[in-house]
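Undergrad: have a look at this prediction, sequence included:
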2 protein chains.
Amino acid sequence: MKNRLYFNSDNKEVQQTAFQAIEKEQNTMGYYALPEQDITPILEYCNSMADSVESIAVIGIGGSSLGAKAVYEFIKPVKTLKRKLYFFESTDPINIRTILEKTDLSKTHFLVISKSGNTVETFSIYKYIYSLKSDASSYTFITDPGSPLEKYAQEINASVLYLPENVGGRFSVLSTVGLVPLALVGIDIQALLEGAKTVKESFFNDGYLKETLLKKAVYYAKHHAQYHINCIFAYSETLKYFCEWYVQIWGESLGKSQRHSAFNVGLTPIGLIGPKDQHSFLQLIMEGTRDKSVTFIKIEDFDDDISIPNITLPHLEGLDTLNTLPFSKLINMQCDSVIEALKNQGDIPLDTITIASVTEANIGALIFYYELLTSLVGELIDVNTYDQPGVEAGKIILKKKLSN
Amino acid sequence: MKNRLYFNSDNKEVQQTAFQAIEKEQNTMGYYALPEQDITPILEYCNSMADSVESIAVIGIGGSSLGAKAVYEFIKPVKTLKRKLYFFESTDPINIRTILEKTDLSKTHFLVISKSGNTVETFSIYKYIYSLKSDASSYTFITDPGSPLEKYAQEINASVLYLPENVGGRFSVLSTVGLVPLALVGIDIQALLEGAKTVKESFFNDGYLKETLLKKAVYYAKHHAQYHINCIFAYSETLKYFCEWYVQIWGESLGKSQRHSAFNVGLTPIGLIGPKDQHSFLQLIMEGTRDKSVTFIKIEDFDDDISIPNITLPHLEGLDTLNTLPFSKLINMQCDSVIEALKNQGDIPLDTITIASVTEANIGALIFYYELLTSLVGELIDVNTYDQPGVEAGKIILKKKLSN
């Protein structure tokens, strides 16, 4: 993974303070330790799954589904996996029915994932599916130790797996929450963690990512009043759900009341996919209000050698310059052209992240990079990165409505 | 369609001026007339398609694909269609290969859609697919009359259909660009246009949408310096691609240099899907910077009667309040709860759009509503709503790179 910044921020003292805060945070927040975890128990559990199970279905929402989905959708197009993976993450009845039509219930194992054990969406869907297939052996529950959900699972004799301590939903993809569904379908979770570890080590052990991440975080924090919309512009369709994962971790972690002021602050995440969104959102970046930073994500090698054939179309000879070009080269040239056009504007903060190829290690690296960046920026804009008090009000109102 | 605003703007004079500008614009911009067009030629063309064609594949990007995709993905889950519809809209080689693997080339008809006739993405993909299947009868081209693409199509004896005059890409879904692929797969395009027409008539003939749309547009324009991020929060997975269409029309139309100043202005579109994004973006709306307006879109009747079964789960008895509730009612209660929670904040501009059900007429109405709103806001913030000069710079740089 390479990361090149096209802006500068040299406040060494602020950088150092932020780094120390994150170093200290490692003792209390669980996600930092995930790259080094022992995955033997997870692999043992996954290997015990019957070969007759052809699909895995996650019943979970938000932090319980977005991470696994991001990795699965990234790897799926390039690797033959041993099972399919579905996600029930909406109470939309049309959506529930559509996914059920795709799955063969008798060959599906369900993972019910809820940290608290009382997520409305998860349990309304679970109840519905349980009414269609009520043998406990078809379900595994992932929750916190001691939760009512654990007790329920034990009562019906279903499997239970646990979340590690102090790992919040949106930072949980590299824990059981993400690893179990991914390993069950044949994703190499060891490689995923190895990738995350390279980023972690580079950051904490004075590698190049320490300076880069600190510079970037300080720049985003320092200029957040102006550049408060942070776009990822990823040049591959495989990164579409990674963008959704990013939107959650960034928006829900950084949109807060400040700890030491009455201010509401927030950095707004936007996920874009190139070249498609050159024909949609790019105009707004180029000529709209100067409130956006853009991080381009490129894949160096798509490991796919299709090229534009050497054909001349009469009356369209101008397109011959495309001939013989590999698509992987074209898409990266398109990305470079947009970067250059935006650089020429002079007042749009840009950086590029390049990953070598579509592999588990590389998406693991990308995930940990964004987790670290989120933690750093949260620290620097003085918010509690790990809570989400703002979503409680709606839940309380719903609870009242349901009781009536 | 119902639309209720939870904010007020009573500047009648500004409203009247904007209305007159739009009335006048009808004479020059082609999209306003699309609801009343005669679709006989389109239906004749579509009926002539051989029954042996099982899939339609659009090769097009941006305005050439987003509209049809929005309608198709909305209707597909509730209607048995006669053909499948695929979209080639990326130069990502993994994406091209993945879609090709799903399609049977011998049973696929391709629609190559390009207004200008020289879109890099469209023609690199077309050349590749043409090298795999080089009989002209498998292709139909949709372009402007007199374009080099028309000449090419005629030279190879392929069918050509035309865009109506003065209809820009992102306003073209109700023209041949969207109607042809949709009719070919069995979407009722007459109903789609009827839906658009009800909105058009309500707006231009003093129906309730005239006042509502004018109030909303004036509010957005007047407060754009503060509320410059405009979220759609749609409570149904079926509206996911409608949101992508919205992001294009809003961002690309309104992110501009002002006509009579040196200012860069812009309203940033965000598409959210409930209840999923309650677990992602909602925290940022509730507690983040006060720079966002939110439009909730609800579907009254999902025409799907699945309910949460009357099951008590031991240790999880608190969830019994969900029992016997239809999912369609639950999802709308979730939406109402979030609306109430946001209303309680007091400083977030909200409105709700309710459509009765998942039908062609209702998505047609929604589309025309947003087209009108975009035109009104563009007029009011003093930009050229219909051009996109900002995307040219990147294209010129790419052209240079390709020539080298």
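TA: Now that the structure is in, tell me what you want to look at. All values derive from a computational prediction rather than experimental measurement.

Undergrad: where does the most centrally placed residue in chain A fall, phi/psi-wise?
TA: Nearest to the geometric centre of chain A sits A:W245, at 3.0 Å (C-alpha atoms, centre = their mean). Main-chain torsions, A:W245, degrees, to the nearest 10: phi -60, psi -40.

Undergrad: once you drop chain neighbours, what's closest to it?
TA: A:A70 (4.0 Å; C-beta to C-beta, 6 or more residues apart in numbering or on different chains). Using the backbone N, CA and C atoms, a C-beta is placed for each residue, glycine as well.

Undergrad: which ones are touching the residue of the stretch 51-200 of chain A found nearest chain B?
TA: Nearest residue of the stretch 51-200 of chain A to chain B, counting by C-beta to the nearest C-beta: A:G62, 2.6 Å away. A:G62 sits next to A:89, A:169-170, A:248, B:276, B:278-280 when contact means C-beta atoms under 8 Å, 6 or more residues apart in numbering or on different chains.

Undergrad: repeat the analysis, applying 7 Å as the threshold.
TA: The contact partners of A:G62, by C-beta atoms under 7 Å, 6 or more residues apart in numbering or on different chains, come to A:169, A:248, B:279-280.

Undergrad: re the thing from before, what is the neighbour count of the residue nearest to A:W245?
TA: As a burial measure, A:A70 scores 25 neighbours (other C-beta atoms under 10 Å in any protein chain shown).

Undergrad: okay, A:K12: pLDDT?
TA: If you check A:K12, the pLDDT there is 93.

Undergrad: check A:G271 too.
TA: 98.

Undergrad: hang on, A:P77 packs against A:T238?
TA: Yes: judged on C-beta atoms under 7 Å, A:P77 makes contact with A:T238 at a distance of 5.9 Å.

Undergrad: these two: who's more crowded?
TA: Legend: neighbour count by other C-beta under 10 Å for A:P77 and A:T238, higher for A:T238 (23 against 17).

Undergrad: which SS class is the closest residue to that one other than its chain neighbours?
TA: Nearest non-adjacent residue to A:T238, counting by C-beta to C-beta, 6+ apart: A:F74, 4.8 Å away. Classification of A:F74 using DSSP: H, G, I helix; E, B strand; the rest coil returns helix.

Undergrad: okay, now A:F74: neighbour count?
TA: So A:F74, with other C-beta under 10 Å, has 25 neighbours.

Undergrad: I figured it hits A:L239, correct?
TA: Yes: between A:F74 and A:L239 there is a contact under C-beta under 7 Å: 6.5 Å.

Undergrad: break chain A into its domains for me.
TA: Domains of chain A are assigned by automatic domain parsing as A:2-26+A:191-389, A:30-187.

Undergrad: distance to B:Y162 added to these, as TSV?
TA: Output for these, formatted as TSV (distance: least, C-beta to C-beta, whole Å):
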stretch	distance to B:Y162
domain A:2-26+A:191-389	16
domain A:30-187	36
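
Undergrad: pretty sure A:K115 sits in a helix.
TA: No: using three-state DSSP, the assignment for A:K115 is coil, not a helix.

Undergrad: read off the pLDDT value for it.
TA: For A:K115, pLDDT reads 88.

Undergrad: okay, now it: neighbour count?
TA: 21.

Undergrad: which residue packs closest to the residue of the stretch 51-200 of chain A closest to chain B, ignoring adjacent ones?
TA: In space, A:G62 is closest to B:H279, 2.6 Å off (C-beta to C-beta, 6+ apart).

Undergrad: wait, the one you found sits on A:I61?
TA: Yes: counting by C-beta under 7 Å, A:I61 is a contact partner of B:H279 at 5.1 Å.

Undergrad: the helix or strand of chain A with the lowest mean pLDDT close to chain B?
TA: Within chain A, no helix or strand scores below strand A:264-265, which has a mean of 92 by mean pLDDT, DSSP states H and E. Yes: interface with chain B: strand A:264-265 contributes A:264-265 (C-beta under 7 Å from any C-beta of the partner chain).

Undergrad: tell me the first helix or strand C-terminal of that strand.
TA: As assigned by DSSP states H and E, the chain's next helix or strand after strand A:264-265 is strand A:268-273.

Undergrad: ok and that next one relative to strand B:268-273, angle-wise?
TA: Here strand A:268-273 runs at an angle of 80 degrees relative to strand B:268-273 (axes from the mean of the first three to the mean of the last three C-alpha atoms, to 10 degrees).

Undergrad: rewinding a little: how near is the residue of the stretch 51-200 of chain A closest to chain B to B:S116?
TA: Using C-beta to C-beta, to the nearest Å, A:G62 is found at 42 Å from B:S116.

Undergrad: now do A:T324
TA: 23 Å.

Undergrad: same question for A:F263.
TA: In terms of C-beta to C-beta, A:F263 sits 47 Å off from B:S116.

Undergrad: over to A:L105?
TA: In terms of C-beta to C-beta, A:L105 sits 49 Å off from B:S116.

Undergrad: let me know the pLDDT of the closest residue to A:L267 other than its chain neighbours.
TA: With sequence-adjacent residues excluded and distances taken as C-beta to C-beta, 6+ apart, A:L267 is closest to A:L254, at 4.7 Å. The model reports A:L254 with a pLDDT of 97.

Undergrad: how about the contacts made by A:L254?
TA: A:266-267, A:374, A:377-378, A:381, A:383.

Undergrad: among these, which one has the most neighbours?
TA: Most neighbours among the contacts of A:L254, by other C-beta under 10 Å: A:G266, with 27 neighbours.

Undergrad: quick check on that residue: phi, psi?
TA: Per degrees, to the nearest 10, the backbone of A:G266 is at phi 170, psi 140.

Undergrad: wait, what's in contact with it?
TA: Contacts of A:G266 (C-beta under 7 Å, 6+ apart): A:228, A:254-256, B:284, B:288-289.

Undergrad: show me which of those are buried.
TA: A:228, A:254-256, B:284, B:288-289 (16 or more other C-beta atoms under 10 Å in any protein chain shown).

Undergrad: count of neighbours near A:T354?
TA: Neighbour number of A:T354 under other C-beta under 10 Å is 16.

Undergrad: apologies, that question was intended for A:K82.
TA: The local packing of A:K82 (other C-beta under 10 Å) involves 13 other residues.

Undergrad: tell me how far it lies from A:D104.
TA: A:K82 is 15 Å from A:D104, by C-beta to C-beta.

Undergrad: all the strands of the stretch 1-150 of chain A, in order from the start?
TA: Secondary structure of the stretch 1-150 of chain A (DSSP state E, counting those that start in this stretch): strands located at A:2-5, A:55-59, A:84-88, A:108-113, A:139-143.

Undergrad: adding distance to A:V294 and mean neighbour count, write those strands out as a markdown table.
TA: Below are those laid out as a markdown table (distance: least, C-beta to C-beta, whole Å; neighbours: other C-beta atoms under 10 Å in any protein chain shown):
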| stretch | distance to A:V294 | mean neighbour count |
| --- | --- | --- |
| strand A:2-5 | 12 | 16 |
| strand A:55-59 | 31 | 24 |
| strand A:84-88 | 29 | 21 |
| strand A:108-113 | 33 | 24 |
| strand A:139-143 | 36 | 24 |
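
Undergrad: for chain A, which spans come out with low pLDDT?
TA: Residue ranges of chain A with pLDDT under 70: none are present.

Undergrad: longest strand in it, by residue count?
TA: Scanning chain A for the strand with the most residues, using DSSP state E, yields strand A:292-301.

Undergrad: and the angle from that strand to strand B:268-273?
TA: 60 degrees.

Undergrad: after strand A:292-301, next one along is what?
TA: Taking DSSP H and E, what comes next after strand A:292-301 is helix A:327-345.

Undergrad: need the CA coordinates for the helix or strand following that next one. CSV is fine.
TA: In the C-terminal direction, the helix or strand that comes right after helix A:327-345 (DSSP H and E) is strand A:350-357. What follows is the C-alpha trace of strand A:350-357 in CSV, where atoms were taken according to Å, rounded to 0.1, in the frame of the first residue of the first chain:
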residue,chain,number,x,y,z
LEU,A,350,-5.9,15.4,-2.6
ASP,A,351,-4.2,12.2,-1.8
THR,A,352,-3.8,8.9,-3.5
ILE,A,353,-3.7,5.4,-2.0
THR,A,354,-2.5,2.7,-4.3
ILE,A,355,-2.9,-1.0,-3.5
ALA,A,356,-1.1,-3.6,-5.5
SER,A,357,-3.9,-6.0,-6.3
